[in-house]
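Q: A structural model of the following input is requested.
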Amino acid sequence: MSTEKERCPWCLGFDQYIQYHDEEWGVPVHDDRKHFEFLILEGAQAGLSWATVLKKRENYRNLFAEFEPEKVAKFDQPKIDELLQNPGIIRNKLKVNGTVTNAQKFLEIQNEFGSFDQYIWSFVNHKPIINQIKSMQEAPATSPESDALSKDLKKRGFKFVGSTIMYAHMQACGLVNDHLTSCFRYKELN
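A: The predicted structure is shown next:
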């Protein structure tokens, strides 16, 4: 993959990372299945690198019913035990169990708000927050919005939804534009 364009330096490790940065990271998401995918992946990332999760993304897609929350919400203990034996995902019992719980809670939010998208975008008044970050050292790990989102999700019974994880979700799903101002994607997404 070409590195001729100026990019955020965090993505320069390998081609799949560059592609993710160039095509997905920071693009506003309004599809509930995509939100659910990032909730699963961001939760799996807790304590690990995003690169680790990104390399296992296709396995997650295959093993977690193409990220259909209705199907994941019905995973029973034998299915969870099967998943925990698969080296294609992060085999952490709390994270896998948390994914099933989160699928169930995700469906509750859809029922209450009409869509998860409607719910999550309300935390940023339904428009992306455009930060003006000039260096990676300036990038925040949380925000008042991610604090509020995290608190509300925890109150609803979600797992692995701390403020840092939710801020990463907000960055990935375009609720926040944290591309460096020098990055070609910063301008494209504004």
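Q: where does the prediction get shaky in the chain?
A: 1-3 (pLDDT under 70).
Q: can you tell me the helix or strand for the residue most central in space within it?
A: By CA atoms, centre = their mean, the chain has its centre lying nearest to Phe38, at 3.0 Å. Assigned by DSSP states H and E, Phe38 belongs to helix 32-45.
Q: which helices and strands does that helix pack with?
A: helix 50-55, helix 57-63, helix 69-72, helix 93-113, helix 116-121, helix 163-172 (3 or more CB pairs under 8 Å, 6 or more residues apart in numbering; DSSP states H and E). All C-beta spots, glycine's among them, are computed from the backbone N, C-alpha and C.
Q: list the buried residues of it.
A: Buried residues in helix 32-45, counted by 16 or more other CB atoms under 10 Å: 32, 34-45.
Q: what's the angle between it and helix 163-172?
A: 140 degrees (axes from the mean of the first three to the mean of the last three CA atoms, to 10 degrees).
Q: which residues touch helix 32-45?
A: 29, 52-53, 56-57, 60-61, 64, 66-69, 72, 89-90, 92, 95, 98-99, 102-103, 106, 110, 115-117, 120, 159-161, 165-166, 168-169, 172-173 (CB atoms under 8 Å, 6 or more residues apart in numbering).
Q: again with stretch 72-90
A: 36, 40, 44, 48, 52-53, 56, 59-60, 62-65, 91, 93, 96-97, 99-100, 103-104, 106-107.
Q: span of that stretch from start to end?
A: Using CA to CA, to the nearest Å, one end of stretch 72-90 lies 16 Å from the other.
Q: off-centre distance for it?
A: Distance of stretch 72-90 from its chain centroid, counting by CA atoms, centre = their mean, to the nearest Å, is 20 Å.
Q: next, the buried residues of that stretch.
A: Within stretch 72-90, the residues scored as buried using 16+ other CB under 10 Å are Val72, Ala73, Phe75, Leu83, Ile89, Ile90.
Q: pretty sure Lys187 sits in a helix.
A: Yes - counting by DSSP: H, G, I helix; E, B strand; the rest coil, Lys187 is found in a helix.
Q: burial measure for it, as a count.
A: 10 (other CB atoms under 10 Å).
Q: measure it to Lys154 for me?
A: As judged by CB to CB, to the nearest Å, Lys187 and Lys154 stand 36 Å apart.
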